[in-house]
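Asks: Curious how this folds, go ahead:
(chains A and B)
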Amino acid sequence: NAGVTQTPKFQVLKTGQSMTLQCAQDMNHNSMYWYRQDPGMGLRLIYYSASEGTTDKGEVPNGYNVSRLNKREFSLRLESAAPSQTSVYFCASTIRHLSNQPQHFGDGTRLSIL
Amino acid sequence: AQSVTQPDIHITVSEGASLELRCNYSYGATPYLFWYVQSPGQGLQLLLKYFSGDTLVQGIKGFEAEFKRSQSSFNLRKPSVHWSDAAEYFCAVGGYGGSQGNLIFGKGTKLSVKP
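Replies: Residues are numbered from 1 along each chain as shown, chains lettered A, B, ... in the order given. Model (predicted):
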């Protein structure tokens, strides 16, 4: 069982370049999430998709866009990368968008922007 | 607004010693609480969760946590730490209201294990 798969695992970009981070889950989950993790900051929610066809902003959405391509896939796009977006990005999914549902995480994409 | 505080940024324990990682939350009602572990280079893995009922919950890898409403705490414990437990640990609370379904994470506690 793959669970939540993120691609790529590592990426280096130059300031101003664009990039799409891919996430796919094979658990038939309805809800998907994008977080960024920075040292000493824990995980901060960027965007989420409570169900197929919906997306909503999280705590730190500026500079990002998302697409819920279908039930399995949820992508995160950086239109014009900035050094402040250097981070580790995690995708997660859960059965339903409810407070009592644990989330399942991918292994992350480590992104450096020069 | 809800919040989660993990007071200890970094803890070092000797292998075989007991462990307690602290977590305090701010929430108006009975919270949904979670502990996750992140090994180096990996994603987060759920250790255990508390929803209601018995305030002592058991998780994977020999971990347990106790919910104490009076102290707004949900501390993680393990009687005897193994070297493989070296990782970062995150406490989280389930959101409510407009953020229902979102998890609010603490900033994490990094655990180092001395041989």
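
Asks: any idea how far A:A92 is from the residue nearest to the spatial centre of chain A?
Replies: Chain A has A:W34 as the residue nearest its centroid, 2.7 Å off, counting by Cα atoms, centre = their mean. Counting by Cβ to Cβ, to the nearest Å, the gap from A:W34 to A:A92 is 8 Å. From N, CA and C alone the C-beta is placed, and that goes for glycine too.

Asks: okay but the residue nearest to the centre of chain A is in contact with A:L76, surely?
Replies: Yes. Using Cβ atoms under 8 Å, A:W34 is in contact with A:L76, at 4.7 Å.

Asks: pLDDT at the residue nearest to B:S3 when sequence neighbours are not counted, what is it?
Replies: Spatial nearest neighbour of B:S3, chain neighbours left out: B:S26 (4.5 Å); criterion: Cβ to Cβ, 6 or more residues apart in numbering or on different chains. If you check B:S26, the pLDDT there is 89.

Asks: check contacts around B:S26.
Replies: Contact analysis of B:S26 by Cβ atoms under 8 Å, 6 or more residues apart in numbering or on different chains lists B:1-5, B:72.

Asks: let's see it at 7 Å
Replies: Neighbour list for B:S26: B:2-3, B:72 [criterion: Cβ atoms under 7 Å, 6 or more residues apart in numbering or on different chains].

Asks: does B:L46 really touch B:Y36, like I thought?
Replies: Yes. In terms of Cβ atoms under 7 Å, B:L46 counts as a neighbour of B:Y36; the distance is 5.8 Å.
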